[in-house]
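Peer 1: With the sequence up front, the predicted model follows.
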Amino acid sequence: MRIVMMGTGPFAVPTFEALLASDHDVVCLFTQPLRPTRGKRPAPPTPMRDVAQQHGLPIYDPESINTDEARQILQQQAADLLVVCDYGQILSRESLALAKLGGINLHGSILPKYRGAAPVNWAIYNGDAETGVTVIHMTPKLDGGPCLKVVRIPIEPTETAVELEPRLAQMGVPAVLESIALLETHGGESLVGEPQDASLVSKAPRLKKTDADIDWTQPAQQIYNQFRAFQPWPGCYTHLSRGDKPPLRLILVEISLLGEPAENDPQPGTVASATADQLRIAAPGGQIVVHKLQPAGKKVMEAAEFIRGYQPAVGDRFVAESEL
């Protein structure tokens with residue numbers, strides 16, 4: 001089958017590489033345009049471009065895939081199928097129609113749950129025990145097409161988004177190949193796939209920096225889920241109240257959950273313990289144990305180094321930015 005690949009982020013790489021190694025004819029890559037970086041920040045990685053360049057494939061990066069100019073390039077590819085994954089753009093009906101069999105999309109959730117840009121993160125944030133991947137036959141409605149293949153896996157209790165996403169990306173490879181085979185057999189003469197149940201739809205919106213602000217009145221398990229969900233970006237941050245001094249902003253880099261309430265049931269966000277090598281913060285139903293953190297303007301440090309330098313005491317409080 002003659003295939004046009006559309007993808008940008010690392011989630012799409014295993015599928016792209018598998019298609020290139022298959023009997024299918026992958027003719028080019030459509031990806032997001034390169035963005036200028038600010039100051040001395042390094043350019044963000046471009047894993048899909050890297051793979052395309054290694055294989056000598058043409059790369060197209062229109063600002064919008066739905067312009068006349070972009071559609072003209074797409075039409076010239078004479079594709080049988082568009083394979084879309086972690087692309088970052090929504091294809092219009094007219095764009096999808098430029099491939100004989102339309103497009104398929106690999107999505108990182110069990111649809112119709114978590115339609116949108118960040119399904120892996122929101123599944124962890126909400127404490128789901130299970131997630132998976134879905135391959136849909138695309139329609140112009142975001143993540144709303146009929147399901148061709150669904151694969152389910154458990155989410156491990158301590159698993160972060162950084163760990164879960166590559167697992168799902170690998171699981172997506174056979175799901176995509178099976179879906180292509182299904183369409184190839186089917187021939188596109190009638191509808192194929194299982195329609196999504198509209199009553200089960202939920203959203204997975206793009207992440208914002210403010211999602212990372214820790215509200216210490218939330219249950220300890222929820223705070224731990226928040227930390228796991230929002231790695232590597234936007235991370236999780238909080239502020240240490242310091243009397244007459246300005247609050248100290250801190251990024252939490254490594255934490256664990258202690259499912260045991262702090263002694264004497266202190267107010268949420270209170271330092272419950274600051275021993276030589278362990279910083280515990282009280283939250284409803286348990287404690288957050290901080291192993292590594294980064295004060296504003298400083299390097300990442302172990303909890304022991306932070307305790308020696310900043311000397312937080314039992315009873316001191318961490319607060320959300322929204323409380324300042």
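Peer 2: Now that the structure is in, tell me what you want to look at. Just so it is clear, the structure is predicted and the values come from calculations on it, not from any experiment.

Peer 1: Any stretches of the stretch 151-300 of the chain with poor pLDDT?
Peer 2: Residues of the stretch 151-300 of the chain that meet the criterion pLDDT under 70 lie in 187-190.

Peer 1: how about the strands in it?
Peer 2: According to DSSP state E, counting those that start in this stretch, the stretch 151-300 of the chain carries its strands in the segments 236-242, 245-258, 271-274, 279-283, 286-295.

Peer 1: wait, doesn't residue 122 sit right on residue 114?
Peer 2: Yes - look at residue 122 against residue 114 with Cβ atoms under 8 Å: they come within range, at 5.5 Å. Just so you know, the C-beta spots here come from the backbone N, C-alpha and C atoms, and that holds for glycine as well.

Peer 1: ok, which stretches of the protein are helices?
Peer 2: Read by DSSP state H, the chain holds these helices, from start to end of the chain: 13-21, 47-54, 68-76, 93-96, 119-125, 161-186, 220-229, 303-310.

Peer 1: Tell me which of those approaches residue 320 most closely.
Peer 2: Comparing the helices of the chain against residue 320 with Cβ to Cβ, the closest turns out to be helix 220-229 (10.7 Å).

Peer 1: Let me see the ranges of the strands in the stretch 1-150 of the chain.
Peer 2: 2-7, 25-30, 59-60, 81-85, 103-107, 130-137, 147-154.

Peer 1: Please convert these to a markdown table, extending it with mean neighbour count and distance to residue 14.
Peer 2: Formatted as a markdown table, those follow (neighbours: other Cβ atoms under 10 Å; distance: least, Cβ to Cβ, whole Å):
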| stretch | mean neighbour count | distance to residue 14 |
| --- | --- | --- |
| strand 2-7 | 23 | 11 |
| strand 25-30 | 19 | 14 |
| strand 59-60 | 15 | 19 |
| strand 81-85 | 26 | 9 |
| strand 103-107 | 25 | 10 |
| strand 130-137 | 24 | 11 |
| strand 147-154 | 16 | 13 |
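
Peer 1: can you put those in a markdown table and add distance to residue 17?
Peer 2: Formatted as a markdown table, the entries for those read as follows, by distance: least, Cβ to Cβ, whole Å:
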| stretch | distance to residue 17 |
| --- | --- |
| strand 2-7 | 10 |
| strand 25-30 | 10 |
| strand 59-60 | 16 |
| strand 81-85 | 12 |
| strand 103-107 | 13 |
| strand 130-137 | 16 |
| strand 147-154 | 18 |
